[in-house]
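K.L.:
kindly generate the corresponding structure for this input.
(2 chains)
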2 protein chains.
Amino acid sequence: MVKLSQLFYAGGTVLMRIEQSPEFQIHLQNLRSKEPLFLETIYNVGNGHFGVRDSNPLQGNNLDYIGSPGLFINGFFDYNDVSYGEKYTGYPENDQIINRVFDPRYIRIKVADEDSAIDHFTVDNIDKNLDMQTGLLHEMFSITTPENRNFNLVVESFSSLSKLNVYGIRYSIIPTNFDEDVEIIKLHNYVNQATHQQNEDVRVSQSIGEMQLDFIPDNGQPSYLITTFRSQQGIILTFQANENVAPDPKIDYFKDENNQYGYRSKYHAKKGSEKNFEFLFAIGDIHPLVNARVYADQYLSALDNYIRGTSFQSELMASAQVWQTFWLHSDVKIDGDPQIQLCLRFNLFELNQSAGRDENTSIPAKGLTGNGYGGHFFWDTEMFMLAFFTYTQPQIAKKLLMFRYHTLNIAKQQASEFGLPKGAMYAWRTINGYESSSYWLAGMAQFHINADIAFAIEQYYTITGDDDFLKKYGFEIILETARFWMQYGNFTELDGKHVFVINKVTGPDEYSALVDNNYYTNVMAQFNLRLAIKYAEKFKATDITSRLNVSDKEIDRMKQAAELMYLPYDKEKNVKLQFQDFEQLLPMHLDQIDQSLFPLLLHYHPLMLYRYQVNKQADTIMADILFPKGNTKEQLIADYDFYEPITTHDSSLSKAMYAIAASRAGKKEQSYDFFSQAVKTDLLDLHHNTQNGIHAGSLGAAWQGVVYGFAGVVNNAEHGAKVTFGLEFN
Amino acid sequence: MVKLSQLFYAGGTVLMRIEQSPEFQIHLQNLRSKEPLFLETIYNVGNGHFGVRDSNPLQGNNLDYIGSPGLFINGFFDYNDVSYGEKYTGYPENDQIINRVFDPRYIRIKVADEDSAIDHFTVDNIDKNLDMQTGLLHEMFSITTPENRNFNLVVESFSSLSKLNVYGIRYSIIPTNFDEDVEIIKLHNYVNQATHQQNEDVRVSQSIGEMQLDFIPDNGQPSYLITTFRSQQGIILTFQANENVAPDPKIDYFKDENNQYGYRSKYHAKKGSEKNFEFLFAIGDIHPLVNARVYADQYLSALDNYIRGTSFQSELMASAQVWQTFWLHSDVKIDGDPQIQLCLRFNLFELNQSAGRDENTSIPAKGLTGNGYGGHFFWDTEMFMLAFFTYTQPQIAKKLLMFRYHTLNIAKQQASEFGLPKGAMYAWRTINGYESSSYWLAGMAQFHINADIAFAIEQYYTITGDDDFLKKYGFEIILETARFWMQYGNFTELDGKHVFVINKVTGPDEYSALVDNNYYTNVMAQFNLRLAIKYAEKFKATDITSRLNVSDKEIDRMKQAAELMYLPYDKEKNVKLQFQDFEQLLPMHLDQIDQSLFPLLLHYHPLMLYRYQVNKQADTIMADILFPKGNTKEQLIADYDFYEPITTHDSSLSKAMYAIAASRAGKKEQSYDFFSQAVKTDLLDLHHNTQNGIHAGSLGAAWQGVVYGFAGVVNNAEHGAKVTFGLEFN
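P.N.:
Just a heads-up that it's a prediction; the model follows:
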């Protein structure tokens, strides 16, 4: 039973009382898949500023060990040349690719004359437990050297939610069959690089940027300046060994042959005895390369302050407290199916770990758990994830929207360079605001992103009533995106009527492209225009409208366009058409296609798919969900029955939307089926690619499945009023 | 005045009587542009097997000299990896790129202690004259050394039409201000390579394949085996110095440090005296690399036979005789404007120099004059060039069609891999039959290529009555391409009617893409289907139809499809629509666009152009031209008046088609304007890129402009009967 009243738990004093509850724990033994790369993703710990994959701690940059370790810092990217067989005007010269920074989990261990950096130690996962109440990842590895010395390595780690720059890790070494000299070395004198790989699966990033360990002031302790070659970004990292906790403190920072500082400790280990080493990392903010070099001293000393005179334990407690607050505000309880309950909590936990909080970043499609999709921000943020934050942590929602505001000028520049005299054209995929889609048919042409952002702003404003945001930032985005539609669309005659059309776009469904009058796009554009009109009227004759050069004439044109917006519809079948002429395409009979051929995009040329009535994901159905007002249940059922059989759900964003539609259409069983699959996407690895990173949009979509579906909440943006929570679902 | 009766000159004994006539000469002084790279293209000499750009003969692979020299051998290519920002299923892994082989014009000249290979000699063109009656290129250069020694270098060269493997070159050296020792060295110990370059102009090839000088049997004379790295092709070249002609014969083949043989001659040169050196090259056929190595001896000795015991003069005479025959059959005379006359002759000359004659090659888009468009074969051959050969040299037309027959199995394989159970899907651009288009929207999606090939076969058959070809080869292509349309298209309901539609194609116009029911494509597909039906009925119950598994049921389906083919039409305006929904696009007002923004594809993103009613080239108008039967003059005028104002003619294939349409529409002045621009495309460099190679398709289109336009010949393929020539045009 979902008790949604908890969703808006008013707060009150939050006490630090953490009872370890299995309902909040991701325990290794309970996971269906034990694939190492899958576990690396699932057990990541992050905080929106950075994420750390749950690597084999002995791997580092040693390619002998299989794994894909790394630290991903939100917004820290390099450019990568995009090479086209044929390059046309306006194609992006380069791609932004999130950097895979060195792994802070890495530790080198020497036992007698054996060395994990040289010899191949066998590492077995004995236990892993992620406690989502505190954000603490607790692991035990059993490690065997080539000469059969065995020891247990306990690793505890967390990414701090209270200090977004801090990452803590604690190692305990317990020999099980030897008494020998042991040395541990904590040194990160490398950067991860990956070579360019052409991957048949476009969802995997093709390559990764180039970085280097740059000059760093010699302050006698480990600190690193990592700079990128092309994007000219720099980031400083440092760490301290904890002097207070180790029973026999001996801080021994040493310099390696490259003048990089590391920490080492050598001691005689006894069978069965335990020795602890604790480290706090401070992971800096992103700076322009020049600043990072010039002000390295200052930045470094600021970072030091985060981790000096404190301890692993104190920082963990502070962070856990934030997690407690998070759960108080955001938990969703589901009675009946503990697996679904756990999956849903995992989803919310990951969402909170993924969201940028600095106004310069958003939520990468894979969170901060991998470099899939290049670490890019998509519409996923606004249409699938933002609602969760808007309802439960509006301060984060605002920061995510501010990212769009800070890149508005780039969006305007892109519209202008494309050839449109006015308006803003947001990038379909980006880190820094510039378009990064090399396949524009399923990229730049998905112009609905512009209306999606406007929609999310309206939703945020409706829920929060944040007038200041609307006046200073929100309206400007709504206006400039509305202006885009006026430029990109046009009035024409169609079927004997005067209409406004939006030709040559790609809707949400990526199994069609470059269509005329995509229903979703047009209805969203209409909504975007109406928002601009509404607020232009609200702010009429104020400095807001005059600053933005809004004229009555412009608003009148927008009114006409919104009024005459062409929405393709089959009057005989009573279905909303995905796009004009959709019905003249060949129907695809999905039930006749071998299961091995899914996802279709990995087995068919895009053009083959574009010829068919087939959907990768919810498209028109999303329009039904987002705009229920005036949409009859009969209409919803008709649309559902039309599109569901031709939808492959090859996109992880699809099933949760169908769960909502099915729920509202009264198809309870189908709804529950879709919802359970959606909510289990990552933890049960239903798309077989969680190893490359979580499906962040899908996590948020599953939350919407609960809230918009079973709980019956409808889109607040359209209704323009707060709704009452507290429904229950069996 | 065009005397078209000459076009079918019956032949008779051809006497070797060559009167040098300025009407057949391209003389340097008469050319408007003197840009070196432009001249390299214009003065190329080729014969369909190979082409040699008119380089600075001292350049070789010395990058100090500016130029783009090279020998292009039809079909000799290497693969080049194609890198995609996002690579989807079915994308070509690699591109075929024609190789730029070493320049056989290259000569190294030493004067006293000065050496053209080391010192920078200044080379001025004094005179160039291409005699199109004989194919002889006669040039004089004035060459000045750094120490101001000056000599004239006369170069005469030709590519033999009588022995397609033979290229002849003769050098004469005349000192003007010195008496010194002179040494000439003829050594080709290098292969040309070009590095990968991302070019903003997609019409320029992005890169070039890799080659090497391979092992060659040591037969004591210069011979080279060039092999490619990836396509595993090999080609043998050899040359001989002419012992008979040089006044003081001293054949001195020497070995350089890489064991490559060359020729050298050292003598004391006197001011004003002339010394000649003659060489005959034999340029082998393309072999699989392994064969080329194993059978190098045999191949080499066969090549030797072409050039042993003969002379530059004899081979030139033999080749010139073939040129004489060519002109007797193919010349078109135009009274009134000598410039147009010369341009048209140049066009025919280049067409004849470009066409492959070995059934394994066709006509590259740039002829054999450059590596633009990768040396690929397009629809240009079948729709713009083949008619010229069909009417004037049907034996060559047949060889060009046989290229398509030999690659039919590849086309069937491509259809199958794309996911179509039957039919042949010819590559939009290719050398070896496999699709080589990395931008499939303006590449593979131009499926009309399949009907274009069928159309050209029908035209060939109608003119020649070659039953044997039709039975053995032609019908099979017609049938398999018709089968493609049955697979790619589908029956549906549209505007309340049961119709056959062909969705998601790109027509000839590349300023639109991925449209439904392109008029040209559909009318060509309809014609293709009807051809298949006609010949299936003709060959009914023979081994021809049984071998190809033709059933009555299949033919009945084809009849239905042809009958119900959807041809978009505006009944109010009475115009054929380029494609369904064309009219809802924004109209582009070309007269309001700055001239500097043409060609539009170099200044706008493709998606920007796709939104507009704008044509790069004749599209629907081509349908009017090709299928005049039952098309009223009123219809033609309506279409012309609709499309002409929105056509940029950014494609060099456009204006000749508009010349034909205008001529038939009675718009004489416009017709003449279009025709003169079309015919002058290369010689006057109207597209500013002749430096990269001739526009082969445009050359053939200009010929069609005369024959189909002014001369009033209509498409024989549709009429199914020969027409009478002999019309006159003022």
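
K.L.:
from here on, contacts and neighbour counts on C-alpha atoms
P.N.:
Noted.

K.L.:
and whichever strand or helix holds residue A:674, what does it pack onto?
P.N.:
Assigned by DSSP states H and E, residue A:674 falls within helix A:668-679. When contacts are defined as 3 or more CA pairs under 8 Å, 6 or more residues apart in numbering or on different chains; DSSP states H and E, helix A:668-679 sits against helix A:338-354, helix A:654-664, helix A:696-704.

K.L.:
let's have those helices in a markdown table, adding mean neighbour count and distance to chain B.
P.N.:
As requested, these are arranged in a markdown table below (neighbours: other CA atoms under 10 Å in any protein chain shown; distance: least, CA to the nearest CA, whole Å):
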| stretch | mean neighbour count | distance to chain B |
| --- | --- | --- |
| helix A:338-354 | 23 | 25 |
| helix A:654-664 | 28 | 21 |
| helix A:696-704 | 28 | 21 |
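
K.L.:
how about those, which one is nearest residue B:410?
P.N.:
helix A:654-664 (38.2 Å; CA to CA).

K.L.:
buried ones in the helix holding residue A:674?
P.N.:
A:670-672, A:674-679 (16 or more other CA atoms under 10 Å in any protein chain shown).

K.L.:
tell me the average confidence for it?
P.N.:
Here helix A:668-679 scores 94 as its mean pLDDT.

K.L.:
which residues touch that helix?
P.N.:
A:340, A:343-344, A:347, A:652, A:654-656, A:658-663, A:686, A:698-699, A:701-703, A:705-706 (CA atoms under 8 Å, 6 or more residues apart in numbering or on different chains).

K.L.:
against chain B, how distant is residue A:152?
P.N.:
Taking CA to the nearest CA, to the nearest Å as the measure, residue A:152 falls 44 Å from chain B.

K.L.:
that residue against residue A:127, yeah?
P.N.:
No - assessed by CA atoms under 8 Å, residue A:152 is found out of contact with residue A:127, at 10.8 Å.

K.L.:
so the two - more neighbours on which side?
P.N.:
residue A:152 (21 against 14; other CA atoms under 10 Å in any protein chain shown).

K.L.:
and the residue nearest to that one when sequence neighbours are not counted, what does it touch?
P.N.:
Among residues not flanking residue A:152 along the chain, residue A:142 sits closest, at 4.6 Å (CA to CA, 6 or more residues apart in numbering or on different chains). By CA under 8 Å, 6+ apart, the contact set of residue A:142 is A:123-126, A:150-153.

K.L.:
pairing partners for the host helix or strand of residue A:142, with directions?
P.N.:
Residue A:142 is located in strand A:136-144, with elements delineated by DSSP H and E. In the sheet, strand A:136-144 lines up against strand A:122-131 (antiparallel), strand A:150-159 (antiparallel) (DSSP bridges).

K.L.:
neighbour-wise, which one of the contacts of residue A:142 leads?
P.N.:
residue A:153 (24 neighbours).

K.L.:
wait, doesn't that residue sit right on residue A:173?
P.N.:
Yes - with contact defined as CA under 8 Å, residue A:153 counts as touching residue A:173 (4.8 Å).

K.L.:
can you map out the helices along the stretch 401-550 of chain A?
P.N.:
A:408-418, A:448-464, A:467-469, A:475-488, A:519-538, A:543-547 (DSSP state H, counting those that start in this stretch).

K.L.:
what residues does the stretch 351-500 of chain A put near chain B?
P.N.:
Neighbours of chain B within the stretch 351-500 of chain A, by CA under 8 Å from any CA of the partner chain: A:418-419, A:437-439, A:445, A:490, A:492-494.

K.L.:
OK, contacts around the closest residue in space to residue A:27 that isn't next to it in sequence?
P.N.:
The spatially closest residue to residue A:27, leaving aside those adjacent along the chain, is residue A:129, at 4.5 Å (CA to CA, 6+ apart). Residue A:129 makes contact with A:25-28, A:137-139 under the criterion CA under 8 Å, 6+ apart.

K.L.:
now do residue A:129 against chain B, distance only.
P.N.:
On the measure of CA to the nearest CA, residue A:129 and chain B end up 37 Å apart.

K.L.:
quick check: pLDDT value at that residue.
P.N.:
pLDDT for residue A:129: 96.

K.L.:
compute the first-to-last residue distance for stretch A:24-42.
P.N.:
Using CA to CA, to the nearest Å, one end of stretch A:24-42 lies 14 Å from the other.

K.L.:
contacting residues around it?
P.N.:
Contacts of stretch A:24-42 (CA under 8 Å, 6+ apart): A:53-55, A:67-69, A:127-133, A:342, A:345-346, A:369-370, A:682-685, A:689-694.

K.L.:
derive a ChimeraX selection command for the buried subset of those residues.
P.N.:
Entered in ChimeraX, the line below selects the buried ones among the contacts of stretch A:24-42, by 16+ other CA under 10 Å:
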select /A:53,54,55,67,68,69,128,129,130,131,132,133,342,345,346,369,370,682,683,684,685,689,690,691,692,693,694
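
K.L.:
the contacts of stretch A:24-42 in helices, which ones?
P.N.:
Within the contacts of stretch A:24-42, residues falling in helices by DSSP state H are A:342, A:345-346.
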